[in-house]
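Chemist: Following is a predicted model, sequence given first.
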Amino acid sequence: MPVSRVGMIVHEGRPEAVEAAATVHRWCAERDVPVAEIDIWRQPRHSGREEAAAAGYPDLIVTLGGDGTFLRGARVSAACGAAVLGVDLGRVGFLTEVCVQDVTTALDAVAEDRATVEDRMTLTLRASRKLEIPEGIESLLRYGRGPALPAPSVRPGDPVDVGWGVPMSVNAVNDIVFEKLARDRQASVAVYLAGRLFASYSADAIIAATPTGSTAYSFAAGGPVVSPHMDALVFTPVAPHMAFDRTLVAAPDESVAVRVLPHSGRVAVSIDGQLRGVLDPGDWVAVYRGLHRLRLIRLGPTDFYGRLRDRFRLSDAPAALADGTAAPLYRPDSPVPPDLAGLRLPPAPPRHPDEDADAAH
């Protein structure tokens, strides 16, 4: 893809991130590509649209940090349609793509059109009223951390219609979470799936996640791992006071709506781990597939399941190992049969020069 302007988000608490940022600056200077560092931690915090405008609407955003830094970059990229390249300096790294030593190689691949752009589903929402963060709550919930994002703005160009809800300018990559605000008061909410009442929950939290976010909070709460190559909405209750505590995977054109019951405690709304509003009894929020998709730079075919195995340090069952070891890959080097042509398969193993010589004879 052509790169005409770069935006960069740097985790300045990591010396290796600051060093990698200097490498990106040099790469841009050598090619006369404007670059702007996006200070997403300054106070007051700004919306993704404002951050994108201040950076001159880049077409490539480079994040230097972990998945948390990447999510901050994704929020900005969704506002301007930029692709995101994540450089991994964190501990988990499901979203980041390259290690810090390969920054220059990765940028060359993007500029020379040797990289691919992978689309991921996002989530947005409508609410019975504009989300607000009551005074004093931010400092309580974010003690010891940096300034919080502002409450989401109302999406421009849409009518403020209480019937269908106020459209919020939100693009969640991982999840939207509704959690109890006070430790001694549960979040009591009615959950509607595709417009129909599914169940009323008294729980610590309710999670609406994307497939990308299925390996984040939803997974920690017992939810399933969902392939990021599909579109779905993953609904997971956290510590519900009821026998049915299962996750439900909804279709991408189905919504998950939450209405706070009359005698519930207040409910905090977090978007990709950031507090963005507080709901009172009677308020409701509907979560559904976002209008914008995350454009994620990939340098090669995504080995999601291999990454899952590595990141969670999965080990094989001792009983299975006693019966023999398994090959790390199943991919014959013969041509793909017609009935398998539409499958997502690993690349064919490289052929040895001797094999090509034998084939010629």
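Modeler: Nice, thanks for sending it over. What you are looking at is a predicted structure, and each value in this text was computed from that prediction instead of being measured.
Chemist: what about residue 22, which SS state?
Modeler: At residue 22, secondary structure determined by DSSP: H, G, I helix; E, B strand; the rest coil is helix.
Chemist: How about the contacts made by residue 200?
Modeler: 188-191, 261 (Cβ atoms under 8 Å, 6 or more residues apart in numbering). C-beta coordinates here come from the backbone N, C-alpha and C atoms, glycine included.
Chemist: Save those residues as a markdown table, and put in neighbour count, pLDDT and secondary structure too.
Modeler: Shown next, in a markdown table, are these (neighbours: other Cβ atoms under 10 Å; pLDDT from 0 to 100; DSSP: H, G, I helix; E, B strand; the rest coil):
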| residue | neighbour count | pLDDT | secondary structure |
| --- | --- | --- | --- |
| 188 | 20 | 94 | strand |
| 189 | 28 | 96 | strand |
| 190 | 16 | 96 | strand |
| 191 | 20 | 96 | strand |
| 261 | 16 | 95 | coil |
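Chemist: Of these, which is the nearest to residue 311?
Modeler: For these, the closest approach to residue 311 (Cβ to Cβ) belongs to residue 191, at 30.1 Å.
Chemist: Point me to the helix or strand that includes the nearest residue to that closest one once chain neighbours are set aside.
Modeler: Take residue 191 and drop its neighbours on the chain: the residue closest to it by Cβ to Cβ, 6 or more residues apart in numbering is residue 198, 5.0 Å away. Secondary structure from DSSP states H and E places residue 198 in strand 196-203.
Chemist: What's the mean pLDDT across that strand?
Modeler: In this model, strand 196-203 has an average pLDDT of 95.
Chemist: chain center to stretch 246-259: distance?
Modeler: Distance of stretch 246-259 from the chain centroid (Cα atoms, centre = their mean, to the nearest Å) equals 17 Å.
Chemist: Please name the residues that touch the residue nearest the centre of the chain.
Modeler: Closest to where the C-alpha atoms of the chain average out (Cα atoms, centre = their mean) is residue 173, at 3.0 Å. Going by Cβ under 8 Å, 6+ apart, residue 173 touches 71, 74-75, 95, 120, 122, 210, 212-213, 272, 294.
Chemist: do the same with residue 233
Modeler: Residue 233 is in contact with 123, 208-210, 249-252, 254-256, 287-289, counting by Cβ under 8 Å, 6+ apart.
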